[in-house]
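> Model the structure of this input:
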Amino acid sequence: MEKKNSKLKIILPVVLAVIVIAGGAAWYLTRTETKLGRAGYDKAQIADIKQLFSEEEQKALTEVPAQSGIIEIAKSDRYQKEHFADYLKGLGEGENVTDLLHNYDPWVITLRATDGYTEENLDLYLYHRQDGTAEDAAYTVNYINMSLLYSKSPDYDGKRFEDYEKYRAKRPDKTPEEIVAHVEHAKDYANEKYFIDEYFEKYEAYRAKNPDKSLEEVVRAVNAGIDKPFYTEMVNTDTSKGYLMIVNKYNKLPEGYSPKLESLSGYGNGSMEPTAAAAFRKMVDAGKEAGVSLRSLSPYRSHSLQTWQYQFWVDAHGQEMADRESARPGSSEHETGLAVDINTAVEESHFERTPEYAWLIKNCWKYGFILRYLPDSEYITGYVYEPWHYRYVGVEHAEKIMKLGITYEEYYAYYINNPDYPETGGPVE
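From the prediction side, this is the model:
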């Protein structure tokens, strides 16, 4: 009996304590719910509050008039719990739920610190939420702002945003509409091997004037410069390119240009630029071993000699024929010391039918020379076919030019002077 009483003495206080604690908790909850009701919340709202907020937050809600917006805020995936008091204060001062969520959203705060941010586009920025870094915000703001501008163009394609941006980086002077038009219309030229992005407007202008031309013909014409008449818009050639400089009916030598020269004594007449002269001698020696005889007939010409020769052609045949057969002073490759007429310079001799010509066509590139004025290329070069005229450009380029079978005008435009070609300093895609 004493043992049973002893157990009761131990159990009874514990039971009483549990009852007291449970009763106290029930009293507290009942008291909080009552206060929330008195603050103006209905039963459904009180149920949400009990689920969404801590006891401390619930207590805070009982101390101010009911703010139904606080429940809406707490249900948002953008709710920042640490800003509970700020939300409550803001609602009390009449701010709306959307503004409060914006004000304390870390992503919005980052966006608002970004150049180009506009409040009117905030919903679009939020739709394209990123990780929240400054870099993410900058991309999002730019993406939305520029997309809205690009979309004003009837050609706009949202999938090509990055292409528009690449072109805008290259041509910041262009309007968004012009950028879209360029990128979308440039797709027409996607299969043209020698398309140069920088010349796009020229292609389109030439294409509009020559609707019968194929895209290949358009690209070739513009790259070679023949979208404008010969000897118009002349510019000084870039002599810093050395043996790769171009001299033709659009690119002239600067006044007073005078190259270093080396005699071709024993290999024909005259002289050439030293590197070209050494290459020419090697080529002649190789030809001799192969059983063909090559010699320099007309290499370097001074400006005064070229002036005399051109005038001779004008006096004898008229300027139109002269411009097909001879270069105007300052526009002749012979003045560079890099060009040479081999064995003959007369059409009637039909050098193209000789073993020497056959050997040159097969081997000249090995010594850095190219056949400069190709058959059927007069419309590009402005000169009749000259099977005897060879130009030094170095072995690497000579091999490519001869294998490609294109004029130096076209090669120069795409491979030498094209800012988008990797080997000449353009971006690597």
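> contacting residues around stretch 182-189?
155, 157, 160, 163-164, 167, 171, 174, 195, 197, 200-201, 203-204, 215, 219 (Cβ atoms under 8 Å, 6 or more residues apart in numbering). All C-beta spots, glycine's among them, are computed from the backbone N, C-alpha and C.
> Against Ser68, how distant is Asp155?
48 Å (Cβ to Cβ, to the nearest Å).
> State the number of residues packed around Met321.
Using other Cβ atoms under 10 Å, Met321 is surrounded by 13 other residues.
> What sits closest to Glu255 if chain neighbours are left out?
Of all residues not flanking Glu255 in the chain, Gly330 sits nearest, at 7.5 Å (Cβ to Cβ, 6 or more residues apart in numbering).
> Now do the same contact list for Val180.
150, 153, 155-157, 164.
> Go through the residues you listed and flag which are in helices.
Counting by DSSP state H, the contacts of Val180 place 150, 164 in helices.
> Filter the contacts of Val180 down to the buried ones.
150, 153, 156, 164 (16 or more other Cβ atoms under 10 Å).
> For the second one, report the pLDDT, please.
You'll see Ser153 listed with a pLDDT of 94.
> surely it meets Ala181?
Yes. The pair Ser153 and Ala181 qualifies as a contact (Cβ atoms under 8 Å) at a distance of 6.4 Å.
> Greatest separation within the contacts of Val180: which pair is it?
Asp155 and Tyr164 (10.5 Å; Cβ to Cβ).
> Run a quick neighbour tally on Met272.
29.
> Repeat that for His389.
Neighbours around His389, by other Cβ under 10 Å: 20.
> Look up which helix or strand it falls in, please.
strand 386-392 (DSSP states H and E).
> List of residues touching that strand?
By Cβ under 8 Å, 6+ apart, strand 386-392 touches 243, 272-273, 275-276, 279-280, 297, 333, 338-345, 351-352, 357, 360, 364, 368-373, 398, 408.
> dump the residue contacts of Ser153.
Ser153 neighbours (Cβ under 8 Å, 6+ apart): 176-177, 180-181.
> Just the closest of the residues you listed to Gly116, please.
Proximity of the contacts of Ser153 to Gly116 (Cβ to Cβ) peaks at Pro176, which lies at 13.9 Å.
> Cross-check the contact I'm expecting between the closest one and Lys152.
Yes. Taking contacts as Cβ under 8 Å, Pro176 lies within contact range of Lys152: 6.8 Å.
> Show me how the protein divides into domains.
38-104, 109-150, 236-424 (automatic domain parsing).
> How many neighbouring residues does Asp115 have?
For Asp115, the neighbour count with other Cβ under 10 Å is 8.
> would you say it is within a strand?
No. Asp115 is assigned coil when assessed by DSSP: H, G, I helix; E, B strand; the rest coil, not a strand.
> Now it. Its backbone dihedrals?
Here is the backbone geometry of Asp115 (degrees, to the nearest 10): phi -60, psi 140.
> hang on, isn't it packed against Ala138?
Yes. With contact defined as Cβ under 8 Å, Asp115 and Ala138 form a contacting pair (7.4 Å).
> tell me the angle the stretch of helix or strand Ala276 belongs to makes with strand 386-392.
Using DSSP H and E, Ala276 maps to helix 274-289. Here helix 274-289 runs at an angle of 130 degrees relative to strand 386-392 (axes from the mean of the first three to the mean of the last three Cα atoms, to 10 degrees).
> contacts for helix 274-289?
243, 260-264, 267-268, 271-272, 293-296, 299, 337-338, 340, 356, 359-360, 363-364, 366-369, 392.
> sorry, back to before: looking at the contacts of Ser153, which two lie furthest apart in space?
With Cβ to Cβ as the measure, no two of the contacts of Ser153 lie farther apart than Pro176 and Ala181, at 9.7 Å.
> show me what contacts the residue positioned nearest the centre of the chain?
Geometric centre of the chain, nearest residue: Lys166, 4.2 Å, by Cα atoms, centre = their mean. Applying Cβ under 8 Å, 6+ apart to Lys166 gives no contacts.
> Can you give me the buried ones in the one helix or strand it maps to?
For Lys166, the host element (DSSP H and E) is helix 161-170. Residues 161, 163-168 are the ones in helix 161-170 that count as buried (16+ other Cβ under 10 Å).
> Format the CA atom coordinates belonging to that helix as PDB.
Provided in PDB are the C-alpha atoms of helix 161-170 (Å, rounded to 0.1, in the frame of the first residue of the first chain):
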ATOM      1  CA  PHE A 161      18.600  38.300 -80.100                       C
ATOM      2  CA  GLU A 162      22.300  37.300 -79.700                       C
ATOM      3  CA  ASP A 163      22.900  37.900 -83.400                       C
ATOM      4  CA  TYR A 164      21.400  41.300 -83.100                       C
ATOM      5  CA  GLU A 165      23.600  42.100 -80.100                       C
ATOM      6  CA  LYS A 166      26.800  40.900 -81.800                       C
ATOM      7  CA  TYR A 167      26.100  43.200 -84.800                       C
ATOM      8  CA  ARG A 168      25.100  46.100 -82.500                       C
ATOM      9  CA  ALA A 169      28.500  45.700 -80.700                       C
ATOM     10  CA  LYS A 170      30.200  46.100 -84.100                       C
END
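> Could you list the buried residues of the very next helix or strand once past it?
Moving toward the C-terminus from helix 161-170, the next helix or strand (DSSP H and E) is helix 176-186. Of all the residues in helix 176-186, those buried under the rule 16+ other Cβ under 10 Å are 176, 179-184, 186.
> Kindly report the same for stretch 248-255.
For stretch 248-255, using 16+ other Cβ under 10 Å, the buried residues are 248-253.
> Also stretch 43-63?
Buried, per 16+ other Cβ under 10 Å, within stretch 43-63: 45-46, 48-49, 52-53, 57-58, 61-62.
> before we move on, what about stretch 361-368?
Neighbour-count burial for stretch 361-368, with 16+ other Cβ under 10 Å as criterion, is recorded at 363-365, 367-368.
> coming back round to it: could you dump the contacts of Val180 to CSV with distance to Pro419?
Shown next, in CSV, are these (distance: Cβ to Cβ, whole Å):
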residue, distance to Pro419
Tyr150, 24
Ser153, 25
Asp155, 25
Tyr156, 26
Asp157, 25
Tyr164, 19
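> Name the SS class of Gln384, please.
Quick fix: residue 384 is Val, not Gln. Taking three-state DSSP, the label given to Val384 is coil.
> I figured it hits Glu325, correct?
Yes. Here Val384 reaches Glu325: they are 6.4 Å apart, a contact under Cβ under 8 Å.
> okay, those two: which has more neighbours?
Glu325 (16 against 13).
> What is the neighbour count of the closest residue to the more buried one other than its chain neighbours?
Closest residue to Glu325 apart from its sequence neighbours, by Cβ to Cβ, 6+ apart: Trp313 at 5.7 Å. For Trp313, the neighbour count with other Cβ under 10 Å is 17.
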